[in-house]
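In: this is a predicted model, with the sequence first.
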Amino acid sequence: MATQPLEPKDWEDLRRDLHGLLDRCVDQMRDAEDHPWQTPPPDLADRYAIGSGGDVVARVMDQVLPYHGGNTHPKFWGWVQGSGLASDLVAGIAAAVMNTNGGGRHHGINEMERAVIDWTRRKMGFDDGASGVLVAGTSQATVIALQTARVRCCPDARTDGGNTGLTVYAAEGVHNATRKAVELLGLGHEQLRLVRAKNGTIDLHALQQAIVADRASGLTPMAIVGTAGSVDLGGYDDLNGLADLTAAEGIWLHVDGAFGAWTRLADSPWRGLTDGIERADSIALDFHKWMYVGYDCGLALIADQAAHRAAFAARPSYLKGAAEGLAGGEPWFCDYGIDLSRGNRALKVWCALEMFGEEAFAAAITLNCKQAAFMADQVQARGMALAAPVVSNICVFTAAPDLPADQQSALNAQIATHLQLHHATVFSTTDVNGITCLRAAITNHRTRDHHVEQAMQAVVDTAGMLRGVIG
């Protein structure tokens with residue numbers, strides 16, 4: 001019988017090759033400390049050129065696996081990126097075999113997604129009437145949440161646009177996902193009011209003044225975006241204070257909890273950072289950050305299921321449901337978001353929670369907070385300086401506080417690049433009070449205290465080496 005053109009020429013050869021690939025993948029994940037980020041070779045684009053052919057499995061092992069983004073390494077803290085879990089291997093293999101479209105219809109992925117959403121709903125303190133949909137990440141979840149707010153505010157928005165005079169409020173420094181969302185919804189970013197922060201959180205008095213001024217100008221406040229875990233410093237808005245204000249004003253409260261919402265699982269005092277999140281109308285969060293699962297996997301969580309569905313549901317004839325058969329089943333998640341074609345994201349979360357248990361995630365999140373505090377102690381003990389107090393899992397500091405601001409900025413930036421290029425540690429940088437600082441965002445379950453100590457010594461050594469060339 002002739003071989004089908006899109007099937008392996010020999011399934012047994014493929015089975016043997018995949019066993020070798022699986023062994024290589026397990027080794028690389030187990031020995032993540034031996035596989036830091038490395039600069040891709042200059043000819044890598046040529047190697048990846050379509051049509052170059054050859055043994056694909058061997059090429060993946062030799063030309064793909066080595067050139068990852070670095071976030072699997074225990075000293076990767078440069079951006080808020082999760083570290084990946086062994087359970088992702090299980091989920092990835094099963095998802096590839098099933099090739100399930102999670103947009104709707106009657107099959108297992110819908111029940112699994114419901115289970116993941118329900119678990120998260122309970123962890124965030126939402127009631128049984130809450131709704132949700134798994135998405136690529138918080139950027140997409142923010143669009144979904146604010147669209148739900150928009151339709152609640154203007155019930156005809158899906159018909160005629162309904163955008164005139166709607167305003168959104170957030171603290172200065174809010175993640176760019178909020179600006180993108182208001183632009184994508186047609187509000188325009190000039191309708192996003194960036195309210196001053198006070199002690200790292202949104203100033204409630206200034207927020208109230210902005211709302212009063214907009215109402216007096218004939219505008220309609222649509223939503224307030226609170227932050228649980230700010231991108232630069234890991235700070236938390238007063239979520240109970242925001243909930244009190246939004247309840248009094250009749251405004252939607254959305255919480256950007258991309259990574260910081262997960263302190264809900266942590267021990268005290270960090271768990272208390274998210275007090276009040278249960279009073280939000282919507283939350284955007286990621287599993288691929290501080291729940292460590294593989295990319296991509298985020299969630300839009302909405303307190304009111306009816307409002308959520310009203311913002312997105314549309315069933316043309318080719319998506320008509322049925323009482324039974326494959327066209328049956330509820331919910332169809334295409335009714336709750338942007339995508340009709342959707343991968344099996346729920347499987348990654350389900351496998352992770354079933355393999356390791358909720359308590360393991362709580363312990364890892366708590367440990368990351370302790371490690372950020374430990375890093376802060378190391379910074380100060382080694383003659384460096386914090387740019388701000390450590391609140392959760394982010395530590396921002398300057399290596400040479402005795403230098404003028406411009407020289408500190410130049411030195412810190414060079415330290416970050418040097419350590420990355422020499423496979424030591426991955427920090428990012430951010431600007432605080434006019435100084436470019438080193439930033440560590442610890443969402444890495446592989447990090448241990450000795451990694452922090454090694455990194456701090458590397459910063460001191462590199463600063464000493466580079467100071468002579470900073471002018």
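Out: The structure has been received and is ready for your questions.

In: number of nearby residues for residue 172?
Out: 12 (other CB atoms under 10 Å). Heads up, the C-betas are built off the backbone N, CA and C, glycines and all.

In: from residue 462, how far off is it?
Out: Distance of residue 172 to residue 462, given as CB to CB, to the nearest Å: 32 Å.

In: again with residue 280
Out: 42 Å.

In: now the end-to-end length of stretch 337-354.
Out: Using CA to CA, to the nearest Å, the span of stretch 337-354 from its first residue to its last is 26 Å.

In: give the pairing partners of the least confident helix or strand in the chain by mean pLDDT; include direction for each.
Out: The weakest-scoring helix or strand in the chain, judged by mean pLDDT, DSSP states H and E, is strand 197-198 (a mean of 88). Note on strand 197-198: by DSSP bridges, its sheet partners are strand 201-202 (antiparallel).

In: sorry, back to before: residue 280 and residue 462: which is more packed in?
Out: The residue with more neighbours, out of residue 280 and residue 462, is residue 280; 28 against 21, by other CB under 10 Å.

In: hang on, isn't the more buried one packed against residue 243?
Out: Yes - counting by CB atoms under 8 Å, residue 243 is a contact partner of residue 280 at 7.0 Å.

In: what is in contact with the two at once?
Out: residue 253 (CB atoms under 8 Å, 6 or more residues apart in numbering).

In: give the contact list for the closest residue to residue 350 other than its chain neighbours.
Out: Spatial nearest neighbour of residue 350, chain neighbours left out: residue 112 (5.4 Å); criterion: CB to CB, 6 or more residues apart in numbering. By CB under 8 Å, 6+ apart, the residues touching residue 112 are 344, 346, 347, 350.

In: got a pLDDT number for residue 112?
Out: pLDDT, residue 112: 95.

In: list the residues that contact residue 366.
Out: If a contact means CB under 8 Å, 6+ apart, then residue 366 has 266, 267, 270 as its contacts.

In: before we move on, which element is it in?
Out: In this assignment (DSSP states H and E), residue 366 forms part of helix 358-381.

In: and that helix, average pLDDT?
Out: 98.

In: again with stretch 120-131
Out: Here stretch 120-131 scores 97 as its mean pLDDT.

In: tell me where the stretch 201-350 of the chain is predicted with low confidence.
Out: Judged against pLDDT under 70, the stretch 201-350 of the chain has no low-scoring part.

In: ok, which stretches of it are strands?
Out: Per DSSP state E, counting those that start in this stretch, the stretch 201-350 of the chain carries strands over the ranges 201-202, 220-227, 252-256, 282-286, 298-302.

In: export those strands to a markdown table and tack on mean neighbour count?
Out: Formatted as a markdown table, these follow (neighbours: other CB atoms under 10 Å):
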| stretch | mean neighbour count |
| --- | --- |
| strand 201-202 | 24 |
| strand 220-227 | 25 |
| strand 252-256 | 28 |
| strand 282-286 | 30 |
| strand 298-302 | 28 |
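
In: right, so of those, which gets closest to residue 53?
Out: Nearest to residue 53 among the strands of the stretch 201-350 of the chain is strand 298-302; the distance by CB to CB comes to 36.3 Å.

In: quick one: the closest one to strand 252-256, angle?
Out: Note on geometry: by axes from the mean of the first three to the mean of the last three CA atoms, to 10 degrees, strand 298-302 and strand 252-256 are set 160 degrees apart in direction.

In: list the contacts of strand 298-302.
Out: Contacts for strand 298-302 (CB under 8 Å, 6+ apart): 116-117, 120-121, 124, 126, 130-142, 144-145, 148, 258, 281-288, 308, 336-337.

In: can we see that at 7 Å?
Out: Contacts of strand 298-302 with the rest of the structure, by CB atoms under 7 Å, 6 or more residues apart in numbering, involve 117, 120-121, 124, 126, 130-138, 140-141, 144-145, 148, 282-287, 308, 337.

In: now do it: distance to the chain's middle.
Out: Offset of strand 298-302 from its chain centre (CA atoms, centre = their mean, to the nearest Å): 11 Å.

In: restricting to C-alpha, output that strand in PDB.
Out: This file holds the C-alpha atoms of strand 298-302, laid out as PDB (Å, rounded to 0.1, in the frame of the first residue of the first chain):
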ATOM      1  CA  GLY A 298      -3.600  33.000  30.300                       C
ATOM      2  CA  LEU A 299      -7.100  33.500  31.600                       C
ATOM      3  CA  ALA A 300      -9.700  36.100  31.500                       C
ATOM      4  CA  LEU A 301     -11.900  35.600  34.600                       C
ATOM      5  CA  ILE A 302     -15.200  37.500  34.700                       C
END
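
In: what angle sits between that strand and strand 282-286?
Out: Interaxial angle, strand 298-302 versus strand 282-286 (the same axes, to 10 degrees): 170 degrees.

In: identify the residues contacting the least confident helix or strand of the chain?
Out: Strand 197-198 is touched from outside by 171, 172, 173, 203, with contacts defined as CB under 7 Å, 6+ apart.

In: that strand: how far from the chain's middle?
Out: In terms of CA atoms, centre = their mean, the centre of strand 197-198 is set 24 Å apart from its chain centre.

In: and for stretch 137-144?
Out: In terms of CA atoms, centre = their mean, the centre of stretch 137-144 is found 10 Å from the chain centre.

In: beta partners for the residue nearest the centre of the chain?
Out: Geometric centre of the chain, nearest residue: residue 286, 4.1 Å, by CA atoms, centre = their mean. Beta-bridge pairing of residue 286 under DSSP bridges involves residue 298.

In: follow-up on the earlier one: tabulate the strands of the stretch 201-350 of the chain in JSON lines, adding columns for distance to residue 180.
Out: Shown next, in JSON lines, are the strands of the stretch 201-350 of the chain (distance: least, CB to CB, whole Å):
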{"stretch": "strand 201-202", "distance to residue 180": "19"}
{"stretch": "strand 220-227", "distance to residue 180": "12"}
{"stretch": "strand 252-256", "distance to residue 180": "12"}
{"stretch": "strand 282-286", "distance to residue 180": "12"}
{"stretch": "strand 298-302", "distance to residue 180": "14"}
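
In: can you say which of those is nearest to residue 166?
Out: strand 220-227 (4.3 Å).
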